[in-house]
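Participant: here's a sequence, model it:
(one chain, ligands or ions: 2)
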Amino acid sequence: MVKHVHRILGESSTTVFLLGNEAIARGAIEYGIGVAAAYPGTPSSEIIGTLAEVANELGIYVEWSTNEKTAFELAYAAAMSGVPSLTAMKHVGLNVASDPLMSSAYTGVKAGFLIVSADDPYMHSSQNEQDNRWYGLHAYIPVLEPSNPQEAKELTYLGLELSEKFLHPFILRSVTRVSHARAPVKLGSLRTPRVSGLFPREPERWAVIPAHARKMKVELVRKWRELAEVLADIQYNRVEGDGKLLVVASGVGYAYSRDALKLLKVEARILKISTPVPLPNKLVAKAVEGVEKILVVEETDPIVEMQLKNILFDMDIHVEIHGEDLIGRIGELTIDRVAQAIAKLCGIEWSPPKPIEIHIEIPPRPPVLCPGCPHRATFYALKLASRKLGVDPIYTGDIGCYSLGIAPPYRMQDTIINMGGSIGLANGFSHTVRDRPVVAILGDSTFFHAGIAPMINAVYNRSPMLILVLDNETTAMTGFQPHPGTGITARGLQGRKIGIEEIAKATGVDYVNVFDPYDITKAIETLVKGLRIVMDGGIALLVSRRICSLLALRLGLIKSRYTIDSNKCIGCLLCVKSLACPAIVVGDAKPYIVESLCRGCGVCAQICPVKAMVNKE
Ligand code: SF4
Ligand code: SF4
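Facilitator: Ligands and ions are numbered 1, 2, ... in the order given. Got it, this is the predicted structure:
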């Protein structure tokens, strides 16, 4: 029988079509990492997802951690004990891990330690557009930036190698168009993973108490200067071509610059930058010789541009420099944006091609909760519970699918700031807005990620609030990763299942209960009780528990579908206007159910005043 080999375990010298994130995973195992940990977050999730799929075969330790700080610390400790490791996160995740990040540069490591930050320009699925190369400058940690999946693999390897050579952490900054692009990737050979290490007692090396940290800072600044020199010599930083125009292009900006120059038929010198932080000053000095104009092409913030201007100022070189003024700093970089900037600098008449007009009416598809989504049922029940009590709660939302509750007909997300921010902000509102109860809405994975600490704060400081955990038994938004509430580990093994309600009870929450959102009457009753507790100055935590309808579909758990008996239906449209399930469509005055979309949750059947919905089991 032919043994199935995962594509990232392919033979050396073969070429495989890989996603950028899979290429990063391959680079890490080519280096021989022994440990990898992350919290899922788009566009980074496939790195650990892929490593988890091959972890048992390779004998390496891979985990989904409860949050990015926990993942960072786990991988950092592995590197302290001589085991090469990787941690991966989306850009906002690095904010959560920024505490150990800053200290890791002071202590350094004993084996390769790579921090992958997958940034999301244009905010395809993020709450901001931050450029994490700033963290490199801030923390004195070099940043590598690949321009395509092949380089993503190679720079992962190089980052681990340099990290081990200089005993210093490295950051690999990817962006959505690299992490989520698929391309042929030539594989290198796999090293045997190093999975166990030693940790002799050396507190002066690892404990950042002031007396130690002061000495560490001196060494850190020395190392930083040395790294800027060394990075100039790596092959991924290089000068190509010639001309009076110098394009300094970092990361994915290099690929766009090459295409744009070809498109415009312009001869230019390119300084390809794969180490935007710190910028290799020796190489910059070589690249600017004899040029008249410089254009810096980079995605998001002018980090290379800023350092370049500093270097040239120190060298007393005066040359016209453009970058952010022509490229902009909002949204994703495109070939058109780069071409427009080059055309302007070269005095060429050029404008981006007009988009092809498609003469088809495409129906507008705003993002909506899926058919049968348990969150929809919870929002519906919460609305009715509030109405029953005649209250208008403040709904503090969080990061997850349930942020879609912001849309009509629910409009039940007043704030969405960051992971765990729902309970965090509720702590503030509960002491300042006295005439409205506060309902903090968050998901199961989010509860474990960053909900527990602010919940303890609420109990300790007596901040009345209803904490509503929408537990769909997975981390649905990032691709169904497990979490402590599922009890399954990243490698598919049985872990310890941790109950949200048990944690809440243990911390002293006044009222804890669990309900099934598909049972609307019971759900409303429980929510009314929870809200009453809050109105009396207490803290309630309710878990609305029902498996994600998409996961239920995948697992073959959908047993029935519903249809509408048009003879019974009175066309009141209550099911359409107040539930808004995408499977229910309005026909000629009366609605009907698209059978292929229906997930058989039965919620519509419970709210129809004339019981027109029929279960087709
Ligand atoms: S709620 Fe019932 S009666 Fe009203 S439109 Fe929907 S199916 Fe018809
Ligand atoms: S049973 Fe009703 S509410 Fe549930 S998925 Fe089907 S149509 Fe939508």
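Participant: show me what from this protein comes close to ligand 1.
Facilitator: Within the chain, the positions near ligand 1 by C-beta under 6 Å from any ligand atom are 564, 569-575, 591, 608, 610, 612-613. No exception for glycine: its C-beta is placed from N, CA and C like everyone else's.
Participant: only alpha carbons, please: show the helix or strand hosting residue 95 as CSV.
Facilitator: Secondary structure from DSSP states H and E places residue 95 in helix 91-96. In CSV, the C-alpha atoms belonging to helix 91-96 read as follows (Å, rounded to 0.1, in the frame of the first residue of the first chain):
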residue,chain,number,x,y,z
HIS,A,91,-0.5,41.2,13.6
VAL,A,92,-2.9,42.1,16.4
GLY,A,93,-1.8,38.9,18.2
LEU,A,94,1.7,40.4,18.6
ASN,A,95,0.1,43.1,20.7
VAL,A,96,-1.0,40.4,23.2
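Participant: buried stuff in the next helix or strand after that helix?
Facilitator: Going down the chain from helix 91-96, the next helix or strand is helix 98-107, by DSSP H and E. Within helix 98-107, the residues that qualify as buried are 98, 100, 101, 103, 104, 105, 106, 107, counting by 16 or more other C-beta atoms under 10 Å.
Participant: okay, among these, which ones form the most distant pair?
Facilitator: Greatest spacing in the buried residues of helix 98-107, by C-beta to C-beta: 98 and 107 (15.4 Å).
Participant: which residues touch stretch 416-426?
Facilitator: 67, 92, 95-96, 127, 394, 396-399, 403, 406, 415, 438-442, 446, 449-451, 453-455, 457-458, 463, 465, 467 (C-beta atoms under 8 Å, 6 or more residues apart in numbering).
Participant: nearest spatial neighbour of residue 348, chain-adjacent residues omitted?
Facilitator: residue 264 (6.0 Å; C-beta to C-beta, 6 or more residues apart in numbering).
Participant: in terms of helix, strand or coil, where does the residue of the stretch 201-350 of the chain found nearest ligand 1 fall?
Facilitator: Residue of the stretch 201-350 of the chain nearest ligand 1, by C-beta to the nearest ligand atom: residue 331 (41.2 Å). Under DSSP: H, G, I helix; E, B strand; the rest coil, residue 331 falls in the coil class.
Participant: ligand 2 contacts on the protein?
Facilitator: Residues of the chain lying near ligand 2 (C-beta under 6 Å from any ligand atom): 371-372, 562, 581, 583-584, 593, 598-604.
Participant: out of these, list just those in strands.
Facilitator: Among the residues of the chain next to ligand 2, the members falling in strands are 562, 584, 593 (criterion: DSSP state E).
Participant: which residues sit in contact with the first one?
Facilitator: What that stands for is residue 562. Counting by C-beta under 8 Å, 6+ apart, residue 562 touches 593, 598, 600, 602, 604, 605, 613, 614, 615, 616.
Participant: at 10 Å instead, please
Facilitator: Counting by C-beta atoms under 10 Å, 6 or more residues apart in numbering, residue 562 touches 372, 581, 583-584, 593, 595, 598-605, 608, 612-617.
Participant: just the buried residues of those residues.
Facilitator: For the contacts of residue 562, a neighbour count by 16+ other C-beta under 10 Å gives the buried set as 372, 581, 583-584, 593, 598-605, 608, 612-613.
Participant: the residue of the stretch 1-150 of the chain found nearest ligand 1: how many residues sit nearby?
Facilitator: In the stretch 1-150 of the chain, the residue that lies nearest ligand 1 is residue 125 (32.8 Å; C-beta to the nearest ligand atom). Per other C-beta atoms under 10 Å, the neighbour tally for residue 125 reads 14.
Participant: any idea how far it lies from residue 264?
Facilitator: 33 Å (C-beta to C-beta, to the nearest Å).
Participant: what's the single longest helix in this structure?
Facilitator: helix 210-231 (DSSP state H).
Participant: beyond it, next helix or strand please.
Facilitator: Next along from helix 210-231, by DSSP H and E: strand 238-240.
Participant: what mean pLDDT would you report for the one helix or strand residue 523 maps to?
Facilitator: Under the criterion of DSSP H and E, residue 523 resides in helix 520-535. For helix 520-535, the mean per-residue pLDDT is 98.
Participant: run the chain-centre distance for it.
Facilitator: With C-alpha atoms, centre = their mean, to the nearest Å as the basis, helix 520-535 stands 33 Å off its chain's centre.
Participant: torsion angles phi and psi at the residue of the stretch 201-350 of the chain closest to ligand 1?
Facilitator: Backbone torsions for residue 331, taken as degrees, to the nearest 10, come to phi 80, psi -170.
Participant: got the contact list for it?
Facilitator: 121, 122, 123, 129, 299, 300, 337 are the contacts of residue 331 under C-beta under 10 Å, 6+ apart.
Participant: let's see that with 6 Å instead.
Facilitator: residue 122 (C-beta atoms under 6 Å, 6 or more residues apart in numbering).
Participant: what do you get for the one 5 residues further on?
Facilitator: Contact criterion C-beta under 6 Å, 6+ apart gives residue 352 as the residues in contact with residue 336.
Participant: excluding its backbone neighbours, what's nearest residue 333?
Facilitator: Residue 333 sits nearest to residue 299 (C-beta to C-beta, 6+ apart), 4.4 Å away.
Participant: am I right that that neighbour is in a helix?
Facilitator: No: if the criterion is three-state DSSP, then residue 299 is coil and not within a helix.
Participant: and it, how many residues sit next to it?
Facilitator: Neighbour count of residue 299, defined by other C-beta under 10 Å: 29.
Participant: in the stretch 251-400 of the chain, which residue sits nearest ligand 1?
Facilitator: Closest to ligand 1 within the stretch 251-400 of the chain is residue 380: 12.5 Å, counting by C-beta to the nearest ligand atom.
Participant: that residue in helix, strand or coil?
Facilitator: When the rule is three-state DSSP, residue 380 gets the label helix.
Participant: before we move on, the earlier item: closest one of the residues of the chain next to ligand 1 to residue 76?
Facilitator: Using C-beta to C-beta, those come closest to residue 76 at residue 575, 52.2 Å.
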